[in-house]
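> with the input below, show me the fold.
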Amino acid sequence: MVITGLGGEHKISQCLFKDNHAQNGGAIHVAGLVESFQITDCLFINNTATNFGGAILFANESRFFSFDNLTSIRRQFSRFNHRILF
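I've put the predicted structure just below:
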């Protein structure tokens with residue numbers, strides 16, 4: 001999932017991200033400037049990225065990030081050993 005654009009509030013909840021692969025941000029790649037980004041009640045399993053952010057990559061500045069009740073973040077790999085990269 002790639003999220004681009006300017007501004008706005010983004011929420012992801014009750015999701016399963018499993019066996020995804022991308023160049024950057026195996027499951028989620030936030031490429032735009034966002035006002036806030038919230039991930040709640042999600043499960044991340046076995047996601048990979050060739051370069052950065054095996055599970056999640058935040059590539060630009062954003063004002064507020066929230067991670068609530070992430071059930072598991074496991075087996076997330078990237079070339080530079082990042083699971084979540086800001």
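> pLDDT score for the residue nearest the centre of the chain?
In the chain, the centroid-proximal residue (Cα atoms, centre = their mean) is Ile56; its distance is 2.4 Å. pLDDT, Ile56: 85.
> quick one: low-confidence ranges for this structure?
61-63, 70-86 (pLDDT under 70).
> how about a cut-off of 80?
Flagging of the chain using pLDDT under 80 yields the residue ranges 1, 3-8, 32-34, 59-65, 69-86.
> ok, back up a step: these two touch, right, the residue nearest to the centre of the chain and Ala31?
No. Using Cβ atoms under 8 Å, Ile56 is not in contact with Ala31, being 11.9 Å away. Just so you know, the C-beta spots here come from the backbone N, C-alpha and C atoms, and that holds for glycine as well.
> now do the strands in the chain.
In the chain, the strands defined using DSSP state E lie at 2-3, 9-13, 16-18, 21-24, 28-30, 36-40, 43-45, 48-52, 56-58, 64-68, 72-74, 77-78, 84-85.
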